Each structure stands twice: as structure tokens, then as C-alpha cells.
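1. The sequence and its predicted three-dimensional model are supplied below.
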Amino acid sequence: MRSLKHIQTAALAATLSTIGTSAFAAECGNVTIAEMNWASAQVAARVDEFILKNGYGCDAEIIPGDTMPTATSMSEKGRPDIAPELWMNNVKEPINRAVGEGRLVIVGDVLENPAENAGEGWWIPRYMLEKNPELATIDGIKKHPELFKDPEDPSKGRVLGCPSGWACQITTDNLYRAYDLEDAGFNLVDPGSGAAMAGAIGRAYNRGEGLLTYYWAPTSVLARYDMVRVGLEDFNQEEFDACIAIADCPDPKPNNFPVTEIKTVVATTFAEKNPEPMEYLKNRLWTGKDYDDMLIYMDENQADGQTAAEHFLKNYESSWREWVPADVAEKVKAAL
């Protein structure tokens, strides 16, 4: 039986702990986190929610988001407080304006080595490149349509493009014409849907067949299959905006896809009040492998962002411990 002194001491410790947590939560306050509607952003948002809530005492709340509406709301209203994964290419102007006016802060990249781990492009399997290094560039590929046979028209090569209605259909169609791929013996094929596109890539890869396809990273498809981005001409922003991004541009010139910027963006009001959580967000830099692993896990297990975040926090402790001080890490681990 425990003594009265032991009971009183334990009660006091529990009270102090509660007071400390409450004070920390009050200091951090309510924090809204945008959860975008794609897999990588979902797990990123849920990991931030768990760490901010359990490691820093924030009253963290997930709200639905998407690139354009979230960027607009943050730029104009400062809400939500955090966009863990914001693809900047289409929203740079309003975000940069809000940063210049002191309403938003761009914390930094979400992924290590973003030039390698993120972005759009045309891709081929690594096994093709290893057999024929000439295929590293579009000029080399144009010489070998026979290596990329179109299953529906074996006399031609195939470029697996984007489904109708997707923005990338415009850019892929213009680049296909800019590089004279039809004259080189290639068909540009509409896969019909995102699921059909992923299925076509998987079938070709698993059979060891020739494959030239549009895709983007980070995604479960490029996480699962060892693909290499094809070398195109240097990116020209002016030409891209004036033609490559415009449907049915009459005279597209060889170009490339834009360098993809994936940033964490926060409201200045949150940043100024919360230096310690901000330090976490600055340090929170996902490796390409960890992101890929989570995307594969979500795809194979039909897992949502919440489930994937728990899986990550329980099984990748050595990764996320690098993002936080030791005392915060112990709070997060205890909450698991």
C-alpha cells in the first residue's frame, strides 16, 4: 500500500504536468492545417498534426484543402495556419505577394533534393537506360521508336500521355509536337484515365517492355517502379507560358516541364507566436525514400493519411527524431 506522502507527490507531479501542458497549448493555441486531396500531402499533414499536438501542445486541427483555394485563403485571410505541402507552380504569384506584404512565410522545401524527388517529366524504366544509355535524352529516344512499341500499332512507338481534361495533356501534346515525335515514328496515346495510365505503366514495367510515359513525383507509381526522367531541352519559362501551356499552340518549340517547387507555407501570425513549432517545420525535411515508402504503404493497404502517419511515426522513428528536440521526441513517442 502506498504512503500518503507518495500519493500526494504523485498527485502534485500530475498536476504540474497538466499545468505545463495546458500552458504550452495555450501559448501555441489553435492551429489549422490544410490536408490536400492527394496521398503525399495527406500523410504530411497528419504527421504535422500529431507532432504539433503531442510534441508541442498545439490544439492542432485538420481542415480540407486544395492548391488554389488554400493558397487564396492563406494569401487573403491568413487561414489555414499551415499548408504542409503546397505545390507552388500555379500559385507563386499570390503566395509571393503575400510573403512580400508580410502575411505569409515560406518555411522551406518539403522534400530533400526536390529536383530529383519531385516534379513532372517524361520517364522510361531504368532497365531500358542500362541496356541503351542513348535513351537518356529525347534525341536518343527519337532514334529508336522500335524500342517503345505501341501495343495497338506495333509499327510505331508509343508516348503514353495524359488523360483528356488534365492540364498535363496540353503540355504533353505541345511537347510531342515540338520534338517532332510523330515524324520520328511515335504515336501519342491518351490512356483514358489516371487509373488506366497507372495500370498501363505497371503492365509494361512488369513485363520488361519498352515504355515512354508522362508522370510526376512524388507518387506511388514512381515510388514503386524504378524510372528515370528523360533529358529534354532546358526549361524556358517565357516560351512555356506563351505556348507550351496553351492548348493547340500552333508552333511549339522544344522545351521542358517546369521545375516543381513543393513548399511548406505558414501564416505570419502563427510563425511569430510559435518559434519552437516553426523550428520543427524548418527541420522537417522528408527523404525521397521515406515519402516513397509511405505512398507505397498507402496504395497497398488502401490507407488514409491518418493511418499512414501512424505507420510512419511508429516505424520510422530514426527519421522523425531528426526533426525535433529530444524532449519533444519523447512526448511524441509516449503519445504513440
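-> Alright, I've got the coordinates.

2. hang on, Ile62 in a helix?
-> No: looking at Ile62 with DSSP: H, G, I helix; E, B strand; the rest coil, it is strand, so not inside a helix.

3. Tell me, how many residues neighbour the closest residue in space to it that isn't next to it in sequence?
-> Leaving aside its sequence neighbours, Ile62 sits nearest to Glu35 (Cβ to Cβ, 6 or more residues apart in numbering; 4.9 Å). Quick note: C-beta positions are derived from backbone N, CA and C, even for glycine. Neighbourhood size, Glu35 [other Cβ atoms under 10 Å]: 26.

4. mind listing what Glu35 touches?
-> Ala41, Gln42, Ala45, Arg46, Ile62, Ile63, Pro64, Gly65, Gly305 (Cβ atoms under 8 Å, 6 or more residues apart in numbering).

5. Show me which of those is closest to Asp173.
-> Each of the contacts of Glu35 was scored against Asp173 by Cβ to Cβ, and Ala41 proved nearest at 27.3 Å.

6. how close does Ile246 sit to Phe240?
-> Going from Ile246 to Phe240 by Cβ to Cβ, to the nearest Å gives 9 Å.

7. so what sits against both of those two?
-> Overlap of the contact sets of Ile246 and Phe240 (by Cβ under 8 Å, 6+ apart) is empty.

8. of those two, who's got more company?
-> Taking neighbours as other Cβ under 10 Å, Ile246 and Phe240 compare with Phe240 leading, 20 against 14.

9. does that one really touch Asn255, like I thought?
-> Yes: using Cβ atoms under 8 Å, Phe240 is in contact with Asn255, at 5.6 Å.

10. Under the pLDDT cut-off, which ranges of the stretch 1-150 of the chain? List them.
-> By pLDDT under 70, the weakly predicted segments of the stretch 1-150 of the chain are 1-26.

11. An error on my part: the question was meant for the stretch 151-300 of the chain.
-> Within the stretch 151-300 of the chain, no stretch has pLDDT under 70.

12. Can you show me the strands along it?
-> 153-160, 186-189, 213-217, 227-229, 262-267 (DSSP state E, counting those that start in this stretch).

13. Which one of those strands lies nearest to Gly100?
-> The nearest among these, by Cβ to Cβ, is strand 262-267 at 13.5 Å.
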